[in-house]
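*Asks:* Starting from these lines, generate the structure:
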Amino acid sequence: GGSERLRISSTGEVNKAAQPYVRITGITNQAGSGNATDGTATTQGNISYSSGKVTAQVEGDYLITFASISDSGTGRIDGRIRVNGNNIVQLLTSDNGTGYRQKSASIVYHLNVNDYVEWSNADWYSPTNTTTQWKTASVYMLG
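*Replies:* Okay, here's the model as predicted:
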C-alpha cells in the first residue's frame, strides 16, 4: 500500500506506525442469537470496528482470539470465529447440565483489505441473561 510503515531519522531513530489492533471486552448479543453485536472496543492503527465486526484496512497476517464463558443450561455451547461469514474456528463442548464452560481459541489468519472478522455463538437464548456474556476478543496484525 501507499501508507508509510517505517521511518528512520538522520540520527538513527526508528519510527514505526502502530500495528493495527482491536480488543473488545464485554461482548454481548442484543438480538438474542448468532453474531456479537455489542462490546467496548479499543482500537489502534488502521483497522475498524463496528457492531461486532472488525474490518481489515491493511493486508497481512493477523492473530485473532476469542474467549467466552457459557451457561451449560442452554444446551448449545458452541462458538465460532468467522472471516467473511465463513467459520475458521469451531469450538464445541459437551453439555452435562451443570456448571459453566469456558472456551477460547486463537488463530493466525491472513486477511486482505476489507476482509471482516466476526464472533458467533449459539448460546444466545436471552439477551438479558448475563451468565452467557462473552468476555473478550481481539484482532492484532503481526509485524
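*Asks:* Output the below-cut-off pLDDT ranges for this structure.
*Replies:* Within the chain, the ranges that satisfy pLDDT under 70 run 1-5, 29-34, 69-78, 93-101, 122-134.
*Asks:* Is residue 110 bridged to anything, and to what?
*Replies:* Listed beta-bridge partners, residue 110: residue 61 (assigned using DSSP bridges).
*Asks:* List the contacts of it.
*Replies:* Residues counted as contacts of residue 110 (Cβ atoms under 8 Å, 6 or more residues apart in numbering) are 59-62. No exception for glycine: its C-beta is placed from N, CA and C like everyone else's.
*Asks:* can you put the residues you listed in CSV and add neighbour count and distance to residue 22?
*Replies:* Compiled in CSV, the contacts of residue 110 are given as follows (neighbours: other Cβ atoms under 10 Å; distance: Cβ to Cβ, whole Å):
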residue, neighbour count, distance to residue 22
59, 14, 16
60, 14, 14
61, 12, 15
62, 26, 10
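*Asks:* Save the residues you listed as TSV, and put in distance to residue 52 too.
*Replies:* Converted to TSV, these look like this (distance: Cβ to Cβ, whole Å):
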residue	distance to residue 52
59	22
60	22
61	22
62	17
